[in-house]
Structures are given as C-alpha cells and as structure tokens.
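Student: I need the structure of the sequence given here:
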Amino acid sequence: MKLKGTFRQLIFTADSGYVVGLFKIKESPEHDEYENKVITITGYFADIKENENYILEGDFVNHIKYGVQFNVTKYEVIKPEDKYGIVAFLSSSLFKGVGEKLATRIVDTLGDKTIDLILEDKDNLMRVYKMNQKKANDIYETLLNYQESHKTIIYLTELGFTNHDALAIYNCYKNNTIRVIEHDIYRLLDDIDNLSFLKIDRIALNSGINPLDDKRLEALTYYVMQKISFANGDTYLDYEEIKFQIAEYLNYEIDDNTLCYMLDNLVANMKVIIIDDKYYLYDIIIMW
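Tutor: Residues are numbered from 1 along each chain as shown. I've put the predicted structure just below:
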C-alpha cells in the first residue's frame with residue numbers, strides 16, 4: 001500500500017534509525033478515506049525531516065498498546081519543486097547556517113530547478129548575491145550526501161533488503177555501500193549483525209552472481225560449518241561432512257581442490273583453524 005504526504009512531527013527515534021512520527025496523508029490511491037488525515041507511522045529511515053514530502057510503502061497494523069499505525073517498509077523522498085517548498089527545504093535544520101533569507105535568495109536566483117542546478121554544478125550557487133565559496137561547498141556537500149543516502153536506501157530495498165537492513169548497511173559503508181555490494185556482497189556477513197547467509201545468497205543469486213564465484217563458495221563453506229557445529233554441538237568438523245553439506249546445499253559436489261582452496265582462505269582470514277586434520281571454527285576455539 002502506498003501513501004503520499006508530509007512528515008509532520010517526530011515522536012521517537014532510536015540510534016538504529018527506527019522512527020515513530022506523525023504523517024499527514026495527501027494521496028492514498030488504494031484507500032481514499034485516509035486522505036487529509038494525520039496518522040502514526042513507524043519504520044526505519046536514513047534521515048527523515050519534518051515538513052518534507054514522502055511516498056511511503058507498507059501496511060496498517062493494529063498495535064496492541066498504541067492502536068492503528070502504518071508500518072513503513074519502503075519510502076522515497078519527494079523532491080520539493082515549487083519555490084516555497086525549496087525555500088523550506090534549504091532553510092531546514094539539514095543545511096547548517098542557511099536561514100530563510102539566504103534560502104530565498106538562492107531560489108530567487110536559480111528558480112524552480114534550484115536543487116538540480118546545485119547538484120549539476122555547485123558553482124551555480126556563486127550566482128547568488130553575497131554567496132561565498134565555503135558556503136556554496138557546504139550546501140552542495142550536504143545536498144549531495146542527502147540525495148545519495150536516499151538513493152542508496154532505495155537501491156538496497158530494490159535488491160531485496162528490508163528497510164531496517166538497508167539502513168544498517170548504509171550506516172556501515174556510507175557512500176561506499178554500492179561499491180561494496182557490487183564487489184563482494186558476502187562481506188556483509190562479517191560487517192553487519194543479524195544478516196543471514198541464506199538472505200545474502202538469495203539476493204546475490206537474484207542479482208546475477210556466478211553460482212561458482214569464489215566469494216560465494218567461501219561464504220557457503222563457512223555457513224555450512226557454522227550450521228553443522230551449532231546443530232550438533234560439535235567443536236570440530238570432518239572434511240567429508242563439510243563437503244557433503246555443501247553438496248546438499250548446491251545439489252552437486254564441488255571438487256576437492258576447490259573446497260581445499262576455500263578452507264585455506266578461511267584459515268588465512270582467521271575464521272577456521274585446522275588441528276590434526278580436524279576443522280574448528282575460530283570463534284569457538286578461542287573461547288576454550
């Protein structure tokens with residue numbers, strides 16, 4: 001379900017990016033009875049500002065304590081397009097040191113395409129009366145980071161991550177997020193809490209990764225070792241058991257050279273230790 005409207009008031013926010021707030025609905029194509037009403041929304045946001053316009057996707061839920069709320073699973077910022085909206089945006093708390101007077105001068109000079117012109121070339125701001133280079137740079141960098149954060153969150157949710165996961169990933173890698181995902185999506189398993197191999201692997205395969213990619217097979221080998229260890233309570237694992245479980249997951253058997261290469265990489269990365277031909281998870285053995 002989609003809602004279009006304005007974020008009115010922040011009620012609660014957590015370090016994780018979880019937000020509770022009030023949202024005024026302008027358009028609700030599927031349920032016009034909600035139009036022009038103020039509702040409570042909950043969800044994870046990279047950055048949400050009062051009096052800014054958003055498109056929200058999610059569902060209404062009936063909280064046992066707080067009543068009806070709209071749980072946001074995906075969102076998109078609506079870029080301000082009219083003069084008053086752009087002035088309000090540029091004079092918001094997002095842009096430090098830009099008051100309403102300066103914001104008005106900027107928009108009077110650059111017009112309704114102010115945001116696009118700034119992003120296109122920050123020196124367009126130097127056309128504004130009394131603008132200095134430092135201020136122009138600050139405005140440009142703030143706007144660029146703001147735009148990039150939302151683009152990245154959208155990119156991650158379109159891949160298949162939840163809003164919560166997307167925010168955790170973005171907060172970890174910031175402007176390097178897309179590069180990390182495209183270079184080695186399985187790196188997320190080491191850097192981000194509460195992301196499962198199964199979820200990452202599904203997203204990677206849907207994104208077109210080669211099923212025989214070394215990074216995939218290495219992550220799979222470690223996942224299989226964790227799975228066996230936690231399921232059986234074993235402190236060590238046998239080579240043949242590891243190989244069998246990998247074959248079960250892949251539906252085919254990888255050759256010994258490939259598996260040994262993956263295990264050697266895990267040893268080099270201090271994830272696995274080999275003692276007397278027994279394979280131990282490093283995290284378990286250091287607790288002895």
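Student: What's the separation between Ser196 and Ile203?
Tutor: 11 Å (Cβ to Cβ, to the nearest Å). Backbone N, C-alpha and C define where each C-beta goes, glycine included.
Student: which of these two has more neighbours?
Tutor: Ile203 (19 against 10; other Cβ atoms under 10 Å).
Student: Can you spell out which helices and strands pack onto the host helix or strand of Ile139?
Tutor: Assigned by DSSP states H and E, Ile139 falls within helix 133-159. Under the contact criterion of 3 or more Cβ pairs under 8 Å, 6 or more residues apart in numbering; DSSP states H and E, helix 133-159 touches strand 67-77, helix 114-120, helix 163-173, helix 177-184.
Student: Any chance of JSON lines for these, columns distance to Thr104?
Tutor: Output for the helices and strands packed on helix 133-159, formatted as JSON lines (distance: least, Cβ to Cβ, whole Å):
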{"stretch": "strand 67-77", "distance to Thr104": "22"}
{"stretch": "helix 114-120", "distance to Thr104": "11"}
{"stretch": "helix 163-173", "distance to Thr104": "32"}
{"stretch": "helix 177-184", "distance to Thr104": "35"}
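Student: possible to save these as CSV with mean neighbour count?
Tutor: Compiled in CSV, these are given as follows (neighbours: other Cβ atoms under 10 Å):
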stretch, mean neighbour count
strand 67-77, 17
helix 114-120, 17
helix 163-173, 20
helix 177-184, 15
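Student: OK, contacts around Ile209?
Tutor: With contact taken as Cβ atoms under 8 Å, 6 or more residues apart in numbering, Ile209 is in contact with Ile185, Arg216.
Student: Retrieve the pLDDT associated with it.
Tutor: On pLDDT, Ile209 comes in at 94.
Student: in the protein, which spans are strands?
Tutor: Taking DSSP state E as the test, the strands found in the chain are 2-13, 18-27, 38-44, 53-63, 67-77, 272-275, 278-281.
Student: Out of those, flag the one nearest Glu253.
Tutor: strand 278-281 (17.8 Å; Cβ to Cβ).
Student: Just give me how far stretch 274-288 sits from the chain centre.
Tutor: 34 Å (Cα atoms, centre = their mean, to the nearest Å).
Student: And for stretch 209-227?
Tutor: For stretch 209-227, the distance to the chain centre is 23 Å (Cα atoms, centre = their mean).
Student: what's the answer for stretch 105-117, then?
Tutor: Worked out by Cα atoms, centre = their mean, stretch 105-117 lies 30 Å from the chain centre.
Student: go on, stretch 227-236?
Tutor: The answer for stretch 227-236 is 32 Å, by Cα atoms, centre = their mean.
Student: and for that stretch, what are the contacting residues?
Tutor: Outside stretch 227-236, the residues touching it (Cβ under 8 Å, 6+ apart) are Leu237, Glu241, Ile242, Gln245, Ile275, Lys278, Tyr279, Tyr280, Leu281, Ile284, Ile285.
Student: now swap in stretch 94-105 and tell me
Tutor: 47, 49, 86-91, 106, 128-131, 135, 138-139, 142-143, 146.
Student: Do me a favour and get the end-to-end distance for it?
Tutor: Start to finish, the residues bounding stretch 94-105 are 18 Å apart (Cα to Cα, to the nearest Å).
Student: I'd like the strands of the chain as a markdown table, with distance to Asp214 and mean pLDDT appended.
Tutor: Below are those laid out as a markdown table (distance: least, Cβ to Cβ, whole Å; pLDDT from 0 to 100):
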| stretch | distance to Asp214 | mean pLDDT |
| --- | --- | --- |
| strand 2-13 | 41 | 92 |
| strand 18-27 | 36 | 93 |
| strand 38-44 | 32 | 93 |
| strand 53-63 | 36 | 90 |
| strand 67-77 | 32 | 90 |
| strand 272-275 | 16 | 90 |
| strand 278-281 | 19 | 90 |
